[in-house]
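**Q** What would the 3D arrangement of this be:
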Amino acid sequence: MVAIKCIRLNEDLDDGRSQDRLVKRFTRETVVWQAAQHPNIVPFYGYQIADGEPMLVSPWCENGGLHTFLCNNPSLSDVDKLKLLRDAAHGLAHLHSLDPPVAHGDIKPENIMITDDGHGALRNFGHSRLMIGLNGHTGLTTGGQGAEWAGYQAKELYDGYSRPTSMSDVFSFGGLILATMSGKPPFHQHKSAPPIILAINKGQMPIPTEHPGLPEADPLWGLLRKCWDPVPTRRPSIRRIIAEVRLYDSDTPSLNNCGRILDSLKLR
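**A** So this is what the prediction gives:
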């Protein structure tokens with residue numbers, strides 16, 4: 001089975017602008033996705049155009065996205081959750097290492113698919129556009145957000161002109177870690193985007209009391225605070241995050257009451 005993603009026109013725009021945006025979006029997503037082949041990125045099979053509507057084809061993932069998978073598997077161990085996060089981190093590290101580099105721009109649970117063999121893989125490379133990379137050269141970035149995912153977006157992306165970078169991806173990945181390990185997304189206590197955006201613009205971060213699923217003593221909180229540093233250049237790279245992720249000892253009976261064992265994770 002395959003999954004087909006239709007790229008639709010914005011009906012609010014006039015025909016000329018809509019058609020232009022459609023062509024640009026289709027071209028960008030196709031180029032980025034094709035260039036980003038990796039075991040932890042959902043494969044790109046190709047495209048079709050039917051009745052003037054472009055469609056991108058990829059394998060069907062029966063397990064769905066990370067959020068759905070976690071809801072359907074409430075007893076999933078912390079070890080297995082961390083393995084899925086590690087998979088996603090490897091995929092993101094691959095994007096950041098491309099020449100030119102690619103920033104995903106929309107890291108959130110629904111954009112992490114769970115493959116049939118149980119691994120995490122990135123998807124959704126829509127809205128790609130040119131950006132200036134960290135080293136001053138041109139790279140590619142993908143983007144797009146919904147109000148319900150406001151808590152995953154870095155502060156600098158709310159200034160009205162900044163574009164996603166590898167550093168804003170790291171901010172989002174911190175939110176992904178929190179949502180996966182605690183069961184609640186960042187700023188889940190707010191029911192609409194404006195107060196979330198306001199909190200992020202003030203430099204506020206999620207706190208342990210709002211996420212009892214991830215105890216305050218858990219060492220992951222230290223890593224999360226680094227990911228959410230309001231100064232982008234102070235955030236760790238995704239490679240550093242992979243190196244710092246600590247897996248629970250699978251033989252430990254009580255995961256919340258013990259430290260993690262540092263596991264040196266090599267990039268594929």
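**Q** In the stretch 151-268 of the chain, where is pLDDT below threshold?
**A** Counting by pLDDT under 70, the stretch 151-268 of the chain has low-confidence residues at 246-268.
**Q** Next, please give the residue ranges for the strands of it.
**A** Under the criterion DSSP state E, counting those that start in this stretch, strands of the stretch 151-268 of the chain are mapped to 246-247, 261-262.
**Q** What is the longest strand of this structure by residue count?
**A** Once the chain is assigned using DSSP state E, the strand that runs over the most residues is strand 53-59.
**Q** buried set for it?
**A** For strand 53-59, burial by neighbour count (16 or more other CB atoms under 10 Å) applies to 54, 56, 58-59. Any C-beta I mention is one placed from the backbone N, CA and C, and that applies to glycine too.
**Q** for stretch 59-76, same thing?
**A** Of all the residues in stretch 59-76, those buried under the rule 16+ other CB under 10 Å are 59, 61, 63, 65-67, 69-70.
**Q** Which ones among the residues you listed lie within strands?
**A** Within the buried residues of stretch 59-76, membership in strands is found for Pro59, as judged by DSSP E.
**Q** Just name the closest of the buried residues of strand 53-59 to Asn201, please.
**A** Closest approach to Asn201 among the buried residues of strand 53-59 (CB to CB): Leu56, at 34.2 Å.
**Q** Counting neighbours, what do you get for the closest residue to Gly183 other than its chain neighbours?
**A** Counting by CB to CB, 6 or more residues apart in numbering, the nearest residue to Gly183 once its immediate chain neighbours are dropped is Gly213, at 4.4 Å. Counted with other CB atoms under 10 Å, the neighbours of Gly213 add up to 14.
**Q** pretty sure Gly213 contacts Pro185?
**A** No: counting by CB atoms under 8 Å, no contact exists between Gly213 and Pro185, whose distance comes to 11.5 Å.
**Q** Phi and psi next, for the nearest residue in space to Asn63 that is not next to it in sequence.
**A** Beyond its immediate neighbours in the sequence, the residue positioned closest to Asn63 (CB to CB, 6+ apart) is Ile114, lying 3.7 Å away. With angles defined as degrees, to the nearest 10, Ile114 sits at phi -110, psi 110.
**Q** What residues are bridge-paired with Ile114?
**A** Taking DSSP bridges as the rule, Ile114 bridges to Gly120.
**Q** what sits against it?
**A** Counting by CB atoms under 8 Å, 6 or more residues apart in numbering, Ile114 makes contact with 61, 63-66, 69, 84, 120-121.
**Q** Let's see that with 7 Å instead.
**A** Taking CB atoms under 7 Å, 6 or more residues apart in numbering as the definition of contact, the neighbours of Ile114 are 61, 63-64, 66, 69, 120.
**Q** Next, work out how far apart it and Asp80 are.
**A** Counting by CB to CB, to the nearest Å, the gap from Ile114 to Asp80 is 11 Å.
**Q** Please apply the same query to Ala3.
**A** Here the distance between Ala3 and Asp80 works out to 24 Å (CB to CB).
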